[in-house]
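Chemist: The following comprises the amino acid sequence and a computationally predicted model.
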Amino acid sequence: MPDLRHRSEPIAVAVAGVAGSGKSTLGRALAASLGLPLIDLDAVTTPLLETLAEEVFGEHWLTSPHTRAIRDGRYAALRAVAADVVETAGGVVLVAPFTTELAGGAEWQQLQDAVAPTPLRVVHLAGDPALFTARRAARGAARDEHRPNVAPVAPTIPVIRIDAELTTPQQLDRLLITLGVRRDVDADAELFTRTFDAVLFDLDGTLVDSTASVVRSWRRWSEHYGVSAQALHENHGQPARTLISRLLPPDQHAEGLARITQLEMADAVDLLPVRGARELFDSVPAERRAIVTSGSTALATARLRAAGFTPPAVFVTADDVTHGKPHPEPFLTAAARLGVAPERCLVVEDAAAGVAAARAAGCHVLALTGTVAAEELHADLVLDGLDGVAADLTADGLRLRPAS
């Protein structure tokens, strides 16, 4: 990941989650990004247990009557290795279910003590249990056949919650920001020398962190219709009706659109603003801002309100245009309603289709990572959060500056 400003202080991170949550994949990616050693509970203890299973336990160790003692031994080994690694390397990324530790108590204290005095941050991969079940079935690991069904744990200790629906890069983007590892803001970017009459904000992934909600809804939709996840990813940022017209036969378009609408509306709850989005949005005068989204008016309104935003006076949705992103019509429509020239507009986007639409409309573009990689966003400036910039109203118009 280029242009990162790394933490200077030591840190220990525990990545927790049930089997199939993707904790090993995220832990490996995090360790590589931070340049820290990785200790995975399975890698440290499972080979030994698999070797001893038949001879010592007479059955698989996951179904042994000594499950509690085995669990205690596995985590004692993990803590011992972690203590040595932190002492010599200054930090570590630990991967394990940490089911008992998430509930606090003695086991949580033992884990903190093992890496002390290095601060320990806990990442909890949470999500739809049906997703985890499907992932375990798909990977076909022998140990999963013996794994007991364990109810998801609601952590009582402080955790960084990461949605398992997100891709590993999307998860990593959010996690690194929370850990204080940020992309540098290019203070010399040409965008900071310009003034604008209006700012046109995308919604999903730009103002509201609804990416996991979108992915979850479309995953359930695609499972119903047998559509590949790759096909959905390649069409991100486009209106639902456009995507469905490409993925389903004509006689299923109406049904498919009704189904995804129902799924997305039901999931439009407990959403958070993107980092810095509220501050930047509120700093732009109401008569100089608009929201331009590929969602329907009903869905976009639901997501905005779930994240605590009030829909603006100029609110362009899929219901207002004939051609959605990457066509320029949505942004041209917003500029016209505000009464400003498109070339005097700044667009804030997170998707390649949205950036392309803004470019085609003649607008300048500020893009956010978190949905797709920075390399896919051909914008004037790319940030990892809107807290990286601030907007000032001057005599010549709106001007961006790096946030202090």
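Modeler: Sure, I can see it.
Chemist: And the helices in the stretch 201-350 of the chain?
Modeler: 211-225, 229-234, 240-247, 253-267, 277-283, 297-306, 329-338 (DSSP state H, counting those that start in this stretch).
Chemist: What would the third one look like as PDB? C-alpha coordinates only.
Modeler: Output in PDB follows, covering the C-alpha atoms of helix 240-247 (Å, rounded to 0.1, in the frame of the first residue of the first chain):
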ATOM      1  CA  ALA A 240     -29.400  -1.400  -9.700                       C
ATOM      2  CA  ARG A 241     -31.600  -1.400 -12.800                       C
ATOM      3  CA  THR A 242     -28.500  -1.200 -15.100                       C
ATOM      4  CA  LEU A 243     -26.700  -4.000 -13.200                       C
ATOM      5  CA  ILE A 244     -29.700  -6.200 -13.200                       C
ATOM      6  CA  SER A 245     -30.300  -5.700 -16.900                       C
ATOM      7  CA  ARG A 246     -26.800  -7.000 -17.500                       C
ATOM      8  CA  LEU A 247     -27.000 -10.000 -15.200                       C
END
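Chemist: So for residue 381, which of the helices of the stretch 201-350 of the chain sits nearest?
Modeler: helix 277-283 (13.1 Å; CB to CB). (C-beta placed from N, C-alpha, C; glycine too.)
Chemist: what's the weakest-modelled helix or strand in this protein?
Modeler: Every helix and strand in the chain was compared by mean pLDDT, DSSP states H and E; the lowest is strand 4-5, with a mean of 48.
Chemist: After it, which helix or strand is next?
Modeler: For strand 4-5, the following helix or strand on the C-terminal side (DSSP states H and E) is strand 12-16.
Chemist: List the pairing partners of that next one within its sheet, with orientation.
Modeler: strand 92-95 (parallel), strand 120-126 (parallel) (DSSP bridges).
Chemist: from the ones you listed, which stretch is densest packed?
Modeler: strand 92-95 (a mean of 28; mean count of other CB atoms under 10 Å).
Chemist: Tell me the helix or strand right after that strand.
Modeler: helix 106-115.
Chemist: Show me the domain layout of the protein.
Modeler: Here the domain parsing of the chain from automatic domain parsing is 4-182, 187-210+270-402.
Chemist: between the strands paired with strand 12-16, which gets nearest to residue 105?
Modeler: Nearest of the strands paired with strand 12-16 to residue 105, taken as CB to CB: strand 120-126 at 14.0 Å.
Chemist: now the closest one and helix 106-115, what's the angle there?
Modeler: Counting by axes from the mean of the first three to the mean of the last three CA atoms, to 10 degrees, strand 120-126 points 130 degrees away from the direction of helix 106-115.
Chemist: Give me the angle between strand 120-126 and helix 211-225.
Modeler: In terms of direction (the same axes, to 10 degrees), strand 120-126 departs from helix 211-225 by 30 degrees.
Chemist: and strand 120-126, average pLDDT?
Modeler: For strand 120-126, mean pLDDT is 97.
Chemist: Let's have the domains of the chain in JSON lines, adding distance to residue 239.
Modeler: As requested, those are arranged in JSON lines below (distance: least, CB to CB, whole Å):
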{"stretch": "domain 4-182", "distance to residue 239": "21"}
{"stretch": "domain 187-210+270-402", "distance to residue 239": "4"}
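Chemist: Strands of the stretch 251-400 of the chain, residue ranges please.
Modeler: Here the stretch 251-400 of the chain has its strands, by DSSP state E, counting those that start in this stretch, at 289-292, 315-316, 345-349, 364-368, 381-383, 389-394, 397-402.
Chemist: strands paired with the fourth one, and their directions?
Modeler: With DSSP bridges as the criterion, the sheet partners recorded for strand 364-368 are strand 345-349 (parallel), strand 381-383 (parallel).
Chemist: And the shortest one, by the same measure?
Modeler: Paired strands of strand 315-316, with direction, are strand 289-292 (parallel) (DSSP bridges).
Chemist: what sits up against the partner strand?
Modeler: 198-203, 207, 281, 300, 304, 311-312, 314-316, 330-331, 333-334, 337-338, 347 (CB atoms under 8 Å, 6 or more residues apart in numbering).
Chemist: Using PyMOL, define a selection of the buried residues within these.
Modeler: Typed into PyMOL, the next command selects the buried ones out of these (criterion: 16 or more other CB atoms under 10 Å):
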select buried, resi 198+199+200+201+202+203+207+281+300+304+312+314+315+316+330+331+333+334+338+347
